[in-house]
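K.L.:
Sequence plus predicted model, see below.
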Amino acid sequence: MHKSLICIGCPRGCRLEIEMEGEAITVTGNSCPRGEAYAKQEMTNPRRVVTAVVHTTSSELPWLPVKTSAPFPKAAIAPLLNRLYKMTVKPPISCGDTVLENIDDTGINVIATESCPN
Ligand code: SF4
């Protein structure tokens, strides 16, 4: 199987050509090792940092912006978003506080990206 990807590791945006045969993955077009690592992860376990909002009980900030603390498996993003949109959190919350811990035992948290004092 052949696939082309643009590396998102830096603004240079190298065009990666990926050949996958069984479990063997060959990457060309990368200017640094990060491109190869990105391509291999995209082919085997693609991940993204998830950003969303969760409802709060605050009248000043009814929706709190949040994000995952690390890139999260792409296949599990839709169930995570469903869970987040059903949540309600109570202030006070500081930027960086965990609002959802260890999602599905991944070791990844959802953290606030803004403070909600009251
Ligand atoms: S392969 Fe390396 S140099 Fe090229 S875009 Fe990715 S991170 Fe940047």
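P.N.:
Good, I have the coordinates. Because the structure is a prediction, the values reported are computed rather than measured.

K.L.:
Next, the contact list for the residue positioned nearest the centre of the chain, please.
P.N.:
Nearest to the mean C-alpha position of the chain, counting by C-alpha atoms, centre = their mean, stands residue 49 at 1.6 Å. Residues counted as contacts of residue 49 (C-beta atoms under 8 Å, 6 or more residues apart in numbering) are 67-68, 70-72. Just so you know, the C-beta spots here come from the backbone N, C-alpha and C atoms, and that holds for glycine as well.

K.L.:
what's the answer for residue 15, then?
P.N.:
Residue 15 is in contact with 4-7, 29, counting by C-beta under 8 Å, 6+ apart.

K.L.:
just the contacts of residue 49 now: which is nearest the ligand?
P.N.:
Nearest to the ligand, judged by C-beta to the nearest ligand atom, of those is residue 71 at 14.9 Å.

K.L.:
so how many other residues sit close to that closest one?
P.N.:
Applying other C-beta atoms under 10 Å, we find 14 residues neighbouring residue 71.

K.L.:
Where neighbours are concerned, which of the contacts of residue 15 has the most?
P.N.:
For these, the largest number of neighbours (other C-beta under 10 Å) sits with residue 7, at 22 neighbours.

K.L.:
Please, where are all the strands along the chain?
P.N.:
Ranges of strands in the chain, per DSSP state E, are 2-6, 15-21, 24-28, 47-48, 51-56, 63-68, 72-73, 88-89, 98-100, 110-112.

K.L.:
Let me see the mean pLDDT of the fifth one.
P.N.:
The one in question is strand 51-56. When pLDDT is averaged along strand 51-56, the result is 98.

K.L.:
Check the first one too.
P.N.:
pLDDT averaged over strand 2-6 equals 96, rounded to a whole number.
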